[in-house]
Every structure is written in structure tokens, then in C-alpha cells.
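Enquirer: could you work out the structure for the sequence below:
(chains A and B)
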Amino acid sequence: MDFGSINPVVLIATLMVAATPILLAAIGELVVEKAGVLNLGVEGMMIVGAVSGFAASVTTGSPYLGMLAAIVAGALVALIFAVLTQILMANQVASGLALTLFGLGFSALLGQSYVGIVPPRTEKLNFGFLSDLPVVGRILFGHDILVYVSLAVVAGTWWWLNNTRGGRVLRAVGENHDSAHALGYKVKRVRILAILFGGGCAGLGGAYLSLVRVPQWTEGMTAGAGWIALALVVFASWRPWRVLLGAYLFGGIMVLQLNLQAAGFRIPVEYLAMSPYLITILVLVVMSSNRARTSLSAPGSLGRSFHAAG
Amino acid sequence: MLRLEKRPSPSKAWNFATPIVAVLLTMIAGGILFAILGKNPFEAIKLIFWDPLFSEQFAAYSRPQLLVKAGPLILIAVGLSIGFRAGIWNIGAEGQYIIGALCAAAVALGFYPGEGWYIFPLMIVAGAAGGWAWAMIPAILKTRFNTNEILVSLLLVYVAEKLLAAAATGFMRNPQGAGFPGSRNIHQYAPASNQELIVGTGLHWGVVAAFVAVIFAYILLQRHILGFHVQLAGQAPRAARFAGVAPTRLVLMCMGLSGAFAGMAGMFEVSGPARLISIDFNAGYGFTAIIVAFLGRLHPVGIVLAGLLLALTYIGGELAQFMLNLPAAAIQVFQGMLLFFLLALDVLSNYRILLALPGRNPEAA
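Expert: Coordinates of the predicted model:
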């Protein structure tokens, strides 16, 4: 095997691409959980986004229309979850699982006629001479628009949660829904909007997988990315910037693992392919082991359904 | 405006009725889905729910399949339901099922081509132990490090799938298989074979194990103090702690039991219907069993009925695939919708729906 074939600049540039789907899904889920809702359907929303984005961009010929369609599709399936958990008061864990099971089947059904098709190319943005700079050019100015969009979403979410009235209301709803209700905030409306935002983000993340990262449609192609995104939110202690850090770390592991496979590392491919999941578990263990800290950073009303008495 | 009012305790009548209503609604929604796909909805529904059991043309083949498919679903779902009742979410049964099958296959292949009555029982033990051990990972991480068991058990499914691929293409590959992936045919190796017990019924040892598990779960939940603790922990966690229920022990027990059942299901499958370890050995029973557990209201008897029904959707789905060219994924969507309707209708057992007229009910405003 040959470590020399792994170029660090290319590695960093590709890890940003590899991390973008889970980054988008995780930042969406972070907002949902900040509002006090645990949506385990990320995997389902991602894969529905992946297939609808793919189908829409193949039909229209534009990857950007496809991404738009993916956002809408992700939000639409999230709406099912919102209706179940917020209006019909169903159990959040079970509803999230249902969303994932349904999404996997539904996407396979939609995607039947799209297997083996190549989607329209998503062009990299052109920054002129900046893109030609050594090292920096490849890492900072050598990407397609969604990489920058995902970074903007993280920055925007951070700013919005901390500096706006809406963000504070959302956090209040997530920390203590009874108090938020008593203060006159519309707990359910806030939560439904947060769930829709999370669905849109997950859908977009899924579309990035099928349109840019792979780019192809195959059944079950998200392969646990949605679950890794859920774990990332815990890893990040519900903080936007740490989601970014975590996503890029995982992106790095995934890319490195693929590079090792390609470099003919002597371990069988299957064991290398396990590593992202095992490392996710390991990280979860490390982050959760300090009980006091976890309970401080997790939103107080996380996973509890709210029913205004009276 | 409609308004929900929480019932002091869940309605018993609706508790029985909701699964039936959910199935009917799913049939209607499924019919619409089939119509959109350009198939005759009535024909499709009949093909899925009626023909496998009663048509002269298909029943001879399909009827035995009912038990073959329902066996693993019921066995896994019974194990899961005990944890779900206590609020312990093992959603990685699919992984435990795979590991159980791998461990059992390892025993069988280890003894090959030896003879001995003890090989089959040993495989059952190995399958159960494998599933148990795989479930102990999230359980111990939960009790020791407070790690979320939902995420860990699910992530381990992907790890198990990679292990399965490594086994089928590598360390368990049939040395006489001309390099093709897949292990030796365990079903054809007599001392390890899980045979049909009564010819033409589909009844194999896995089905027997499923019914034993159902009886075991029924006694545990209805008659044993542990079953009471499980219910208490699920419905009133604080009260459970005051009553002296040790959460750690409960997590270990529930996860371990569901893992062992799932592992056993994997064992009966690999030595019976699946015949060998292959890359696509796992057929999603571990996930469908979650739907079975909920549809059966987490009750052992309900799970038997729900398991039979979902087995029917598998068989009928295959039939519809064959006869109407209905896509395989349509059945998955169908099963997903069933869970949606079930969860949605739960509101009827837990809440009263009141018509709140403006002005007459000041509280509602």
C-alpha cells in the first residue's frame, strides 16, 4: 500500500464535499431538537430528498431546481411527522421510525425509473484567479454552491438562535414548553415550523448525495447518513459550530477510509467501511458519558409532547 | 374547532379498534397508491390479502409461506415489545438477527461434516447468544455511559451488515463454491438443518420458538413481577424508581431478551428458509418487526395476529409483483403507511375529541 497517494489538500477538499450532506441534515435536526422535538426520521427525509432532487433535476435538466424540489419534498414528509406528533400527539420515537421506514420504501418506489441515469452536473463556482491559488484555492474556492450554502446555513442558524427574538422563542419552547406556553408563545406552531425546516435541510442534504457526492440514484443510498447526523447533534452538544466541526471530522473519516480502500490497505473493504459507524458510536459514548454536562446542554423538553391543558 | 381532551386512562375499546381501523385505512390509501401506479386497486388488494390464502391457484404454495414469514416477525416483535413497553428502544433487531445467524452458521460450519444430535441445539444457543451479545453493546453503553440506545443499536445494524458481507465473501465462503460469495448450504447439512416439521404447513422450529416466546412473554407480562416492573417503568418512570425498580437491570434484561430472540430468529432463518449465509441474507424482518410490535399493541396475542398480517403483505406483495408487475417497494410503502395510520389513530385511545363551539367553552380559547 501507498500512503503517498493520499494528497492532504485533495483530502481536505473532498472531506468538505463528503461532510456536506450530514452537515445539512444535522443542522436542521439541531433546530428541531432545540425546539424540543426529537425527529428520528432524518434518514427517511434525506432519502426522499435524494430521490426527488434527482428526479426533478433529471426532468428539468437543472440541478438547482432539483435541490429546490428536494427541500420541498423533505419538508413535506416532515409535515407528516409534524401532524402526527404535534396535532395527533403521537409518540415521537415511533413516529420518527415510521418516517424512516416509509421514506426508504417511498424513495425506492419513486426512484425505480431513475436507476443508472447520470444527473445533470452541478458546476463548481468560479472565483476567477482565487480558485487557481495553490492549496487555498482548492480548499476554499473550489466547490459547488451547496458547500457554501451549508456553511451559510450553519452561520445563519447560529446567529438566528442567539441573536433574534424568534431564535429565543424557539429555544424557550424547547427548554420548557409549559413556561413558553404560559408566556403566550405558540408552542405547537414553533415546533411545526422547526420540523419543516429540519425536513427541508435533510432533503437538501439527501439531494447533495444523489446529485453531487455520488452522483447517481441507488436504493437506500443514504446508508445511515441520517443516523450519523442525529448522532452529530449529540456530539455537538446542540451547538451549531460544533455541528460543523463534527461533520467535517466525520467527512474526514469517511474520505480517509475510502482512500485507504483505494490505496489497497490490507484490511478487507468491509471492515474499513464499518469505521464511520463505529467511530460515531465511540464519539457518542465519549460525549454522553458525562451525565451532568449532557443534561445541561440537551434542551429541557426534548422528546416530550406538549398538550395545553384546558 | 375540534379540541382534544386527555382521557384519564386510555380507552380500552379504541385500543382494540385502532389496529383494525388502521389496516382498513391503509388498504384504502394503498388502493389509491396502486391506482396511481396504474394497477387495478381492487385486484391488487385482493391479490395481496385474499389470494395467498384462498385462491386455488396460489394457496398451495402461499399458505405455508405464511408461517415461514410470520415466524421470525413474531419472534423478533415479541422481544422488542417488552422493551418498548418499558420505554427501552431497541431498534437494531436487524443487526442482532444477522449476528445470531452468523454465530449459528459458525457452529454449523465448524462441525461440518460431522454428525451429532447436539449440533442443532448448540446452534440455537449460539444464535441466541450472538443476538444477545450484539444487543448488550447498546445496553451496556446505555447503563455505563448514558449513551442513547436508539442510535447505537441502529448504527450497529450497518456494522452487522458489513460483517455479513465480509462473512459471505470472505471467512465463511464455501470453499467448494467456485469462488462465488455465500457459505455452504446449511439447510442441506442434515444435523444443522431446520426442516419443515409437518410437510406442507411451513411449520419449522422457528415457528415453534415464536409461539413459545409468545407464551413466555404473556406469562412474564401478566403474571411475573418483572412484567409489572416493565409496565411501571414505561408508564410512570418516577413511580418505578420509588418502587425499587433498578433501571440498569431493566435495560439489560429488555435489550438482552430482545437481542436473544432476534438472534434466534436469525438462526432459524439461516438453517431453514434462507439456507445459507449470503450477502443479502437479511430481508428487513428486524425493521418490519417494529411495525408488528406496534400493530399488535405490544401485546403477545396481538403480535401473533399482526405478525400473520404482515407476513401476508410480504407474500401477497410478491404475488402482486409477479402477477401485476407491482414494484417491490410498493409493499414497503404500504407497511410504512400502516404504521403512520396506527400512530395517528392512537390519538383516539388517549384523547377525547370534543367539538368546541366558540363562546360556549371559554377554556378552549
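
Enquirer: residue 268: how many residues sit nearby?
Expert: Let's take chain A. 15 (other CB atoms under 10 Å in any protein chain shown). Backbone N, C-alpha and C define where each C-beta goes, glycine included.

Enquirer: oops, chain B please
Expert: By other CB under 10 Å, neighbour count at B:Phe268 equals 28.

Enquirer: just checking, it touches B:Gly206?
Expert: Yes - using CB atoms under 8 Å, B:Phe268 is in contact with B:Gly206, at 2.8 Å.

Enquirer: identify the contacts common to these two.
Expert: By the contact definition CB atoms under 8 Å, 6 or more residues apart in numbering or on different chains, B:Phe268 and B:Gly206 are jointly contacted by B:Gly71, B:Pro72, B:Leu75, B:Asn194.

Enquirer: now for the closest residue to B:Gly30 other than its chain neighbours: which residues touch it?
Expert: Excluding the flanking residues, the one nearest B:Gly30 by CB to CB, 6 or more residues apart in numbering or on different chains is B:Phe334, at 4.9 Å. Applying CB under 8 Å, 6+ apart to B:Phe334 gives the contacts A:Gly105, B:Thr26, B:Gly30, B:Leu33, B:Thr313, B:Gly317.

Enquirer: do the same with B:Gln332
Expert: A:Leu101, A:Leu104, A:Gly105, A:Phe106, A:Ala108, A:Leu109, B:Gly284 are the contacts of B:Gln332 under CB under 8 Å, 6+ apart.

Enquirer: just the CA atoms of the helix or strand hosting the third one, as CSV, please.
Expert: Yep, that's A:Gly105 we're talking about. Element membership of A:Gly105, judged by DSSP states H and E, is helix A:92-111. What follows is helix A:92-111, C-alpha atoms only, in CSV (Å, rounded to 0.1, in the frame of the first residue of the first chain):
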residue,chain,number,x,y,z
GLN,A,92,-42.1,11.0,18.7
VAL,A,93,-39.7,8.0,18.7
ALA,A,94,-42.2,5.7,17.0
SER,A,95,-43.3,8.4,14.5
GLY,A,96,-39.7,9.2,13.6
LEU,A,97,-39.0,5.5,13.0
ALA,A,98,-42.2,5.3,10.9
LEU,A,99,-41.0,8.2,8.8
THR,A,100,-37.7,6.4,8.1
LEU,A,101,-39.3,3.1,7.2
PHE,A,102,-41.9,4.9,5.0
GLY,A,103,-39.2,7.1,3.4
LEU,A,104,-37.0,4.2,2.5
GLY,A,105,-39.9,2.4,0.7
PHE,A,106,-41.3,5.5,-0.8
SER,A,107,-38.0,6.6,-2.3
ALA,A,108,-37.4,3.1,-3.7
LEU,A,109,-40.8,3.3,-5.4
LEU,A,110,-40.2,6.8,-6.8
GLY,A,111,-36.7,6.1,-7.9
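
Enquirer: next structured bit after it?
Expert: According to DSSP H and E, the helix or strand after helix A:92-111 is helix A:136-140.

Enquirer: pull the residues that contact the helix or strand that comes right after that next one.
Expert: Next along the chain after helix A:136-140, taking DSSP H and E as the criterion, comes helix A:145-163. For helix A:145-163, the external contacting residues (CB under 8 Å, 6+ apart) are A:16-17, A:20, A:23-24, A:27, A:30-31, A:34, A:64, A:67, A:122, A:125, A:166-167, A:170-171, A:201, A:204, A:208, A:212, A:240-241, A:243-244.

Enquirer: following element in sequence after helix A:145-163, please.
Expert: helix A:165-175.

Enquirer: distance between that next one and the chain's centre?
Expert: A distance of 21 Å separates the C-alpha centroid of helix A:165-175 from that of its chain, computed with CA atoms, centre = their mean, to the nearest Å.

Enquirer: list the buried residues in it.
Expert: Buried residues in helix A:165-175, defined by neighbour count with 16 or more other CB atoms under 10 Å in any protein chain shown: A:Gly167, A:Val169, A:Leu170, A:Arg171, A:Ala172, A:Val173, A:Gly174, A:Glu175.

Enquirer: same list, those, but only the ones touching chain B.
Expert: Among the buried residues of helix A:165-175, none lies close to chain B by the criterion of CB under 8 Å from any CB of the partner chain.

Enquirer: return the closest of these with respect to chain B.
Expert: Distances from chain B to the buried residues of helix A:165-175, taken as CB to the nearest CB, are shortest for A:Gly174 (17.4 Å).
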